[in-house]
Structure formats: structure tokens, C-alpha cells
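**Student:** the following comprises the amino acid sequence and a computationally predicted model.
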Amino acid sequence: MLMGWTEYLKWQGNEGVRLLSECGVCSEMNILDFGCGIGEYSIPASIVVGENGKVIAIDNNLHRVNALRENCKKWGVLNVQGMKCNENSEKIREHSYDCVLYFDLYHAMGKEPQVRSEENQRILNLITQTLKPNGLLLISVFSEMCLIWDEKNGERTPKGSLKAQKVSIEEGIRWFCMIETIEKCGFEFQKRIDEALHFDEFYRHSDPDMNKFERGNIYVFKKI
Ligand SMILES: C[S@@+](CC[C@H](N)C(=O)[O-])C[C@H]1O[C@@H](n2cnc3c(N)ncnc32)[C@H](O)[C@@H]1O
């Protein structure tokens, strides 16, 4: 087995589990992993929630959903349901969730101080409708996001990623008004957990070195 893949599986079963537990994920929860990719976080979530819990893992890319299903087989997990769909799907609304993972996506869609991206707003509406009262919304963010904008004549144009601008994620989030925006949707910011892993390199290389992966933050919100 390739080194990167071995390290990946080790991370999922150890650090990934610890990270989600620290965020408040616990046994018997019903989880929605929105934009699940190949299950980077769906597998750790399935381990934490256990056999009496469930993970609905959705992605609009069929190849990724198929890869997720293969990974579930490798792990022997039976409590993950992979679905190829997006925020408009009624199938997601058939369930209610104790926790939604919105990982490595929010910043990629709403690149303005207020969530003006229609897609992001639709996804937040879905999350608000399907999350149970006191349910958790976890959002991971990374410094490769494009949050810095140039303002000229009232027009905003992207200037580059936080990383390129050497701006911290916290500063970007403040500028982006992310916490206020999510709170306006009926959530309360709870805490920030560091050490979220950015899996972008996993898609670019066949055998990436996980030690070089970027570490970002998970923002934990509670529905009120
Ligand atoms: C950057 S990857 C993140 C994967 C994983 N959540 C992680 O943190 O490693 C974003 C994923 O979201 C999916 N995606 C983007 N927009 C989506 C949408 N509107 N509905 C469902 N999936 C979406 C993409 O296909 C991609 O697999």
C-alpha cells in the first residue's frame, strides 16, 4: 500500500476521530457530511457515532461518492450512506441531523463579506431546516482560501488567497464576517478547534506526504 494511503487511514482512525470528538460529535448522532469528497471526515465520523449512529455523506461528484463507498468497504463501516446529490435534493430532507459537517467548502463558495453566493445561501438554508435544535454545525476553513478583496470604485475583486497574502485564517474570518453571517442564520458560535487537515493535495498527487498538508481550523456553531 502507498505510504500516503497508509498514513491517511491511520489519520482517519486516530486523529480524525479525536478531532471530531473534540468538536462535540458523539455516539448515536445522525450526521450530514455535506460535500463529503471521498469520505475524509465521513469515516472518522462513522467511527465516533458508532453502530447506533448514522452518517449521510453527500457529494455532487459521482466519482467521489463511488470512492467514498469503496473506502467504507475497506473500513468495513456500515453506517455511512453515500449519495450523489446537492443541496436541492429531497433525499437529504428526509432526515434530521444532530450535526452537519461543512468542511473545506464554505469559503470556496461565499467569497464576499456577506454570504451573497446563492449556492452557499441555499446550503445554509438546507442546514438550518434539517438540523435539530441545539444541533452542531462544523465548518473547516483553510488559508488557501481567497478572502482578500481589492476595493476600487466600490467594486471588489479578489486579490489572492490568505496564504499568498500571509494573512492568518482568523483575520480572514473576521474580515469575511463569517461568524456574524452564520449567527444571523440562527446559530451561536461555540469554539474554534485547530488542526483540521486540508486534503487538497490528496486529489493532486497519487502518494502525497500528509506531513506537508496544511492545518486549518474548525469553527463550531450550535443551532439556537
Ligand atoms: C474541497 S472538497 C472537501 C471534501 C471533504 N469535505 C474534506 O473536507 O476533505 C469539496 C467537495 O464538495 C463537493 N461539492 C461542491 N459543491 C457541492 C454541492 N453544491 N453539493 C454537493 N457537493 C458539493 C465537491 O464535489 C467536493 O468533493
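**Tutor:** Received, thanks.

**Student:** which bits of this structure sit near the ligand?
**Tutor:** When proximity is defined by C-beta under 6 Å from any ligand atom, the chain lies next to the ligand at 35-37, 40-41, 58-61, 64, 86-87, 103-105, 119, 140, 199. Quick note: C-beta positions are derived from backbone N, CA and C, even for glycine.

**Student:** change it to 5 Å
**Tutor:** For the chain, the contact set with the ligand under C-beta under 5 Å from any ligand atom comprises 35, 37, 40, 59, 60, 61, 64, 86, 103, 104, 199.

**Student:** please name the nearest non-neighbouring residue to the first one.
**Tutor:** It stands for residue 35. In this structure, residue 35 finds its nearest non-sequential neighbour in residue 105, 4.5 Å apart by C-beta to C-beta, 6 or more residues apart in numbering.

**Student:** check which residues of stretch 206-217 are buried.
**Tutor:** 208, 210, 213, 216, 217 (16 or more other C-beta atoms under 10 Å).

**Student:** who are the packing partners of the helix or strand where residue 190 lies?
**Tutor:** Using DSSP states H and E, residue 190 maps to strand 187-197. With contacts taken as 3 or more C-beta pairs under 8 Å, 6 or more residues apart in numbering; DSSP states H and E, strand 187-197 sits against helix 17-23, strand 131-141, helix 178-184, strand 215-223.

**Student:** tell me the bridge partners for the residue nearest to residue 194 when sequence neighbours are not counted.
**Tutor:** Leaving aside its sequence neighbours, residue 194 sits nearest to residue 217 (C-beta to C-beta, 6+ apart; 5.6 Å). For residue 217, the beta-bridge partners under DSSP bridges are residue 141, residue 194.

**Student:** and the strands in this protein?
**Tutor:** Along the chain, the segments classed as strands by DSSP state E run 30-34, 54-59, 80-84, 97-103, 131-141, 148-152, 155-160, 187-197, 215-223.

**Student:** for those, give me TSV that also has mean pLDDT.
**Tutor:** TSV is the format used below for the strands of the chain (pLDDT from 0 to 100):
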stretch	mean pLDDT
strand 30-34	98
strand 54-59	98
strand 80-84	98
strand 97-103	98
strand 131-141	97
strand 148-152	62
strand 155-160	62
strand 187-197	95
strand 215-223	96
